[in-house]
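# Have a look at this fold, sequence not included:
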C-alpha cells in the first residue's frame, strides 16, 4: 500500500466511529416549522401589499406562528427585531438579575421561544445533560450566537426560524454565589422541549 | 384527498431513507472540513433541513450528498462571517462531551485538519469521506480536476507524518 493510500485509509479509519445523533424526526420537524413560518410571512406580505390591515399577534408564551416586531430598550436589556428575521438583544450582566422575566417576555414577543431562569438549571426528559466546557448544549449555536462589537459590547443574535419545532432555548444564569463556586461558568444554554415537564436543579453543571 | 397525502408520505419516506443512508458520511466529511465535532453536527443538521425544504431539487441532483456537504460548508462560511467577532462562550464546541464510541477521536488529528487550507479540507471531505471521484469533486467545488488532485496531494503530504512513521503505517489514534 502506498503512503498516499495509507494516509487516506488512516483518515477514514480515524473518523469511522463518528455518527449523527440528530434524529430524522427533528430534521423534518424543523423543516416543517420553517416552511410554515415562511408561508405565514409570505401571506402577511401579500395582504399588506393589497392594502389590508394585518394584525400580527404578540403572544405571551412560546410562539406558535407569526410574531410581532419588537423594539424594547429597557435599563437591563435591549431587544430588536431585524429585517432578516433575526432578533438582536443586549443585556447588562449586572442588571439581568433584576429583569430576566422582562427579557424573556420581550424575546418571546419577538418570536423567539425562550425560558430564562436564575440559579436553576433545567433540561428535558430525554436530555443526557451533555454540555460543552462553556455550558452550551447541542443545537444552541444554530439559534443563538454572540457577537462582540467594536465597543466591546456583546450582542446576542437569535434566529427563530432555526429553532426546531417543539423546542425552546433554556438560559440558566448562575447566581453570584454559584459563580463564585464555578468561576469558569456564567450561564447554561440548552434546547428544551416546550410541551414536556422539565427537570430542574439548583446545582450548576460541573 | 388520498393523492397529496400519499405523495407527502412518499416524500417523507424518500427523505428519511436519504438521511439515514448518508448522514454519517456527510458528518464525517463536514468534520474533516471543520475539525469541530459539535459544529459539524449542527451544520449537517442544518444542511439536511435545507435539503428537506428543497427535496425535489436535491433528489434530482447528480450528487445529493455532495449538495448536503457543500451546503453545510457554505453555511459554515456564512456563520463564520457573522460570528467572526464572536465571544468566548461559543468557542468551545469541540470539547463537548461525546458518547463513548467517539471519545477516542484524535484531537491531534482534528487540529491537523483545522490547520490545512480550506480548499484542501474540502477536497478531503468530498474525495475521501463522500468517495466522490476527482471529476465529481471538481464539479462540486467549482474547480479544475487537476486542482483537486494537487490539493489532495498537498493535504496527504501534510498529514503523512500523522499516519506514517518509519515505514510503519499507523491507523487511528
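In hand now; what should we look at? Given the structure is predicted, the values throughout are model-derived calculations rather than measurements. Numbers count the residues shown, from 1 in each chain, chains lettered A, B, ... in the order given.
# which residues touch the residue positioned nearest the centre of chain B?
Among the residues of chain B, the one closest to the centroid is residue B:30, at 2.0 Å (CA atoms, centre = their mean). Shown in contact with residue B:30 (CB atoms under 8 Å, 6 or more residues apart in numbering or on different chains): B:40, B:43-44, B:47, B:69, B:72-73, B:76, B:125. Placement of C-beta: from N, CA and C, glycine included.
# Tell me how far residue A:20 lies from residue A:166.
19 Å (CB to CB, to the nearest Å).
# From the opening residue of stretch A:20-29 to its closing one, how far?
End-to-end distance for stretch A:20-29: 17 Å, by CA to CA, to the nearest Å.
# picking up where we left off before, same drill for residue A:20 and residue A:166, tell me which one is more crowded.
Set residue A:20 next to residue A:166 and count neighbours by other CB atoms under 10 Å in any protein chain shown: residue A:20 wins out with 21 against 18.
# quick one, phi psi at the more buried one?
phi -60, psi 140 (degrees, to the nearest 10).
# Then residue A:201?
With angles defined as degrees, to the nearest 10, residue A:201 sits at phi -140, psi 160.
# what do you get for residue A:22?
Phi and psi for residue A:22, reported as degrees, to the nearest 10, are phi -80, psi 120.
# what's across from residue A:158 in the sheet?
Beta-bridge partners of residue A:158, counted by DSSP bridges, are residue A:87, residue A:144.
# give me every residue that touches it.
Contact analysis of residue A:158 by CB under 8 Å, 6+ apart lists A:86-89, A:107, A:110, A:112, A:114, A:143-144, A:169.
# ok, 6 Å please
For residue A:158, the contact set (CB atoms under 6 Å, 6 or more residues apart in numbering or on different chains) comprises A:87, A:112, A:144.
# What count of nearby residues applies to the first one?
Think residue A:87. By other CB under 10 Å, the residues close to residue A:87 number 24.
# How much space separates it from residue A:111?
Applying CB to CB, one obtains 7 Å for the distance of residue A:87 from residue A:111.
# How about the last one?
With the distance defined as CB to CB, residue A:144 ends up 14 Å from residue A:111.
# Neighbour count: those two, which is higher?
A count of neighbours by other CB under 10 Å puts residue A:111 above the other of residue A:144 and residue A:111, at 26 against 23.
# Report the secondary structure state of that one.
With DSSP: H, G, I helix; E, B strand; the rest coil as the basis, residue A:111 sits in coil.
# What separation is there between it and residue A:194?
Residue A:111 is 14 Å from residue A:194, by CB to CB.
# And for residue A:156?
20 Å.
# same deal with residue A:12?
Using CB to CB, residue A:12 is found at 40 Å from residue A:194.
# Spell out which residues of chain A are next to chain B.
Applying CB under 6 Å from any CB of the partner chain, we find that chain A lies next to chain B at A:3-4, A:6-8, A:10-11, A:13-15, A:17-20, A:22, A:24, A:27, A:30-31, A:130, A:132-134, A:141-142, A:145-148, A:154.
# Now that we're looking at residue B:115, what pLDDT does it have?
pLDDT, residue B:115: 91.
# Could you report the distance from it to chain A?
Using CB to the nearest CB, to the nearest Å, residue B:115 is found at 14 Å from chain A.
# And residue B:153, by the same measure?
To chain A, residue B:153 is 8 Å away according to CB to the nearest CB.
# coming back round to it: want to throw the contacts of residue A:158 into CSV with pLDDT?
Formatted as CSV, the contacts of residue A:158 follow (pLDDT from 0 to 100):
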residue, pLDDT
A:87, 92
A:112, 92
A:144, 90
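# which residues in chain A form strands?
Using DSSP state E, the strands of chain A run over A:71-73, A:77-81, A:87-91, A:114-118, A:121-123, A:144-148, A:154-158, A:167-173, A:187-193, A:199-201.
# whoops, chain B was the one
Under DSSP E, chain B gives strands at B:164-165, B:168-169.
# what about residue A:128, how many neighbours?
By the criterion of other CB under 10 Å, residue A:128 has 10 neighbours.
# residue contacts, it?
Residue A:128 makes contact with no residue under the criterion CB under 6 Å, 6+ apart.
# per-residue pLDDT, it?
So residue A:128 comes in at 83 (pLDDT).
# re earlier: for the strands of chain B, which has the smallest mean pLDDT value?
Lowest mean pLDDT within the strands of chain B: strand B:168-169, a mean of 40.
# count of neighbours near residue A:80?
Residues near residue A:80, counting by other CB under 10 Å: 17.
# cool, and residue B:11?
Using other CB under 10 Å, the number of residues around residue B:11 comes to 14.
# residues touching it, list them.
By CB under 6 Å, 6+ apart, no residues touch residue B:11.
# redo that, cut-off 10 Å
Contact partners of residue B:11, counting by CB atoms under 10 Å, 6 or more residues apart in numbering or on different chains, are B:52, B:55-56, B:59.
# Just the buried subset of the residues you listed, please.
Buried members of the contacts of residue B:11, counted by 16 or more other CB atoms under 10 Å in any protein chain shown: B:52, B:55.
# Return the subset of the contacts of residue B:11 lying in helices.
Those of those mapping onto helices are B:52, B:55-56, B:59, per DSSP state H.
# List just the nearest of those to residue A:190.
residue B:52 (23.8 Å; CB to CB).
# which of the contacts of residue B:11 come close to chain A?
B:52, B:55 (CB under 10 Å from any CB of the partner chain).
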